[in-house]
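Undergrad: I would like to see how this sequence folds:
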Amino acid sequence: MMPSVLIVDDEKNTREGLQQALEDSYDVSIASNADEAFNLMDAQEFEVVLTDLRMPGGRNGLRVIDRALALPNKPAVIMMTAYGSIETAVEAMKRGAVDFLTKPVNIERLEMLIQRALKTKTLEVEVRQLHERLDDKFNFDGIIGNSQALRDVLGRVRLVAPSKATILIEGESGTGKELVAQAIHQASPRVRGPFVAVHCAALSENLLESEIFGHERGAFTGATERRVGRFEAADGGTLFLDEIGEISQSTQVKLLRFLETKTIERVGGTKPIPLDVRLVAATNRSLEKLVIEGKFREDLFFRLNVVRITMPPLRARTEDIPQLLAHYIKQFSKENKTPPLTVEPGAMRYLQAYPWPGNIRELRNFCENAVVLRRGGKLTEFDLEPRFRGELKTALPALPSGAHSEAMADAASHDGGGALPPVAPRAAAPSMYSVEENEKRLLREALIKARGNRTRAAELMGISRRTLHRKLLQWPDLDVLDK
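TA: Modelled structure (predicted):
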């Protein structure tokens, strides 16, 4: 589709001549006055508006500029007039015109200005879309969950984000500390500045100091040129230091100096470099304990701990698990171009009962694995690895001592003497369940072992399929698969 251009000029020969000159490369519309231009701009979008300055009717080209730039998708505006003057050009540019032409119009220069205006407009759209994507990814709405534990964290983030305070984020690995740091940056006045992250545990002591503070040429063997560190790269924005409990004593001293003076020195340098950087640090270790052990400076701890945010583990916000699963399954299904994967209620119960020691990172990896291997369909409890099923204590409790034989006898009496399954009894414990409860547990374990196949489950139990069917009618909560 050709770019759209609107030409506004009260001189018929001028507007039609320009239309003819441009129509091979552009979709050109013309207007003889400001009112016609207003009507056309209300009816359709234009990428470039070329308008005369002086026109009859009391509405000149400056009014056209104002109206064009008030539109939601504002076009690039170029002013043209036979009355070229510095004052007119300055006024047009103040109103938002991208350039200025005098009559008679040089067509080659006009086409050059149009092309330049279109490129500028394209870049502006791309930048706006990029910021929208970043805002969508890192704003608070992008942090998934609605549990009270998460709402408490985000409420604290909203309070501290606009401030200049140093922030310490603590929590287990995989709880989303970096995501919260990015959200703090996005909600702060530094949002248009850089967000720079350093994972301290991933670098050796010497490399980490150089990475953070930079180094001068000749500072150490192999330093053949000056290097700007992450602090300088984050000037005007936010520096996120993850796993700060892993940094050495010498790096701690330099970090403390920055927090006190807002200056750094490169490795091998002596000149202080003033910087405007907000520091957000994170740790999965107790800094207080490290201070007691003499591994972390107490004065640095107090400087970092201006505002503390504690990230809850996933096991403390289990009500968020269905929403997180849906989000990541949708994401990985889209990336892998696979049909949607549905998590069945039985599987969801186990996944919500599982403690997720790796937190959201582990859940995310689980979703990617499930999407890639299942490639659509349904995820049932029988598709889960034993580590997931073993954690639902209420569904699969340990059988008490003697319950196995009691349940066998009871089931046999219902089926003409058939023996119960070769399903191994659980560890012995004082009897606390009724015969009926024990039988239900054995039936469920047989169904799980048979992956929901009723015939196979009946064989494992040593009973007929008819008896199994009767038991499932009696205890419908055991009938976990479609018939």
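
Undergrad: Could you chop the chain up by domain?
TA: For the chain, the structural domains run 4-130, 140-312, 315-389, 403-478, going by automatic domain parsing.

Undergrad: Using TSV, lay out those together with mean neighbour count and mean pLDDT.
TA: For the C-beta atoms, the positions are set from N, CA and C on the backbone; glycine is no exception. Output for the domains of the chain, formatted as TSV (neighbours: other C-beta atoms under 10 Å; pLDDT from 0 to 100):
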stretch	mean neighbour count	mean pLDDT
domain 4-130	17	85
domain 140-312	17	92
domain 315-389	17	91
domain 403-478	17	61
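
Undergrad: can you pull the contacts of residue 301?
TA: 287-288, 291 (C-beta atoms under 8 Å, 6 or more residues apart in numbering).

Undergrad: go again using 7 Å as the cut-off
TA: Counting by C-beta atoms under 7 Å, 6 or more residues apart in numbering, residue 301 touches 287, 291.

Undergrad: tell me which element it is part of?
TA: helix 298-304 (DSSP states H and E).

Undergrad: could I have that helix exported to CSV, CA atoms only?
TA: In CSV, the C-alpha atoms belonging to helix 298-304 read as follows (Å, rounded to 0.1, in the frame of the first residue of the first chain):
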residue,chain,number,x,y,z
GLU,A,298,27.4,-4.8,58.4
ASP,A,299,27.7,-1.1,57.1
LEU,A,300,27.0,-2.3,53.6
PHE,A,301,24.0,-4.4,54.8
PHE,A,302,22.5,-1.3,56.4
ARG,A,303,23.1,0.8,53.2
LEU,A,304,21.4,-1.9,51.1
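
Undergrad: where does it sit relative to the chain's centre, distance-wise?
TA: 30 Å (C-alpha atoms, centre = their mean, to the nearest Å).

Undergrad: cool, stretch 212-221 as well?
TA: The answer for stretch 212-221 is 35 Å, by C-alpha atoms, centre = their mean.

Undergrad: Likewise for stretch 38-52?
TA: For stretch 38-52, the separation from the chain centroid amounts to 38 Å (computed by C-alpha atoms, centre = their mean).

Undergrad: Only the C-alpha atoms, please, for it, written as CSV.
TA: Provided in CSV are the C-alpha atoms of stretch 38-52 (Å, rounded to 0.1, in the frame of the first residue of the first chain):
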residue,chain,number,x,y,z
PHE,A,38,-10.4,19.0,8.4
ASN,A,39,-13.2,16.8,6.8
LEU,A,40,-10.7,14.6,5.0
MET,A,41,-8.5,14.1,8.1
ASP,A,42,-11.6,13.2,10.1
ALA,A,43,-12.6,10.6,7.4
GLN,A,44,-9.2,8.9,6.9
GLU,A,45,-5.7,8.7,8.2
PHE,A,46,-2.8,10.4,6.4
GLU,A,47,0.9,9.8,6.9
VAL,A,48,2.0,13.2,5.5
VAL,A,49,0.1,16.5,5.3
LEU,A,50,1.6,19.2,2.9
THR,A,51,-0.2,22.5,3.6
ASP,A,52,0.0,26.1,2.3
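
Undergrad: So what touches it?
TA: 3-10, 29, 31, 61, 64-65, 67-68, 71, 73, 75-81, 114, 117-118, 121.

Undergrad: same check, this time on stretch 88-95
TA: Under C-beta under 7 Å, 6+ apart, the answer for stretch 88-95 is 53, 62, 65-66, 79, 81, 100.

Undergrad: try 8 Å this time
TA: If you take C-beta under 8 Å, 6+ apart as the criterion, stretch 88-95 is touched by 53, 61-62, 65-66, 69, 79, 81, 100.

Undergrad: Can you tell me which helices and strands the strand or helix carrying residue 7 packs against?
TA: Assigned by DSSP H and E, residue 7 belongs to strand 4-8. In terms of contacts (3 or more C-beta pairs under 8 Å, 6 or more residues apart in numbering; DSSP states H and E), strand 4-8 is packed against helix 12-22, strand 27-31, helix 34-43, strand 48-52.

Undergrad: Tell me how far stretch 145-155 lies from the chain's centre.
TA: With C-alpha atoms, centre = their mean, you get 16 Å for stretch 145-155.

Undergrad: Off-centre distance for the strand holding residue 7?
TA: 41 Å.

Undergrad: Can I get it in PDB, CA atoms only?
TA: Provided in PDB are the C-alpha atoms of strand 4-8 (Å, rounded to 0.1, in the frame of the first residue of the first chain):
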ATOM      1  CA  SER A   4      -1.000   8.500   2.000                       C
ATOM      2  CA  VAL A   5      -0.400  12.300   1.400                       C
ATOM      3  CA  LEU A   6      -2.900  15.200   1.800                       C
ATOM      4  CA  ILE A   7      -2.100  18.400  -0.100                       C
ATOM      5  CA  VAL A   8      -3.900  21.600   1.200                       C
END
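
Undergrad: so what strands line up beside that strand?
TA: strand 27-31 (parallel), strand 48-52 (parallel) (DSSP bridges).

Undergrad: Turn those strands into a markdown table, including distance to residue 261.
TA: Listed next are the strands paired with strand 4-8 as a markdown table, based on distance: least, C-beta to C-beta, whole Å:
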| stretch | distance to residue 261 |
| --- | --- |
| strand 27-31 | 59 |
| strand 48-52 | 51 |
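
Undergrad: Which of those strands sits closest to residue 375?
TA: strand 27-31 (45.5 Å; C-beta to C-beta).
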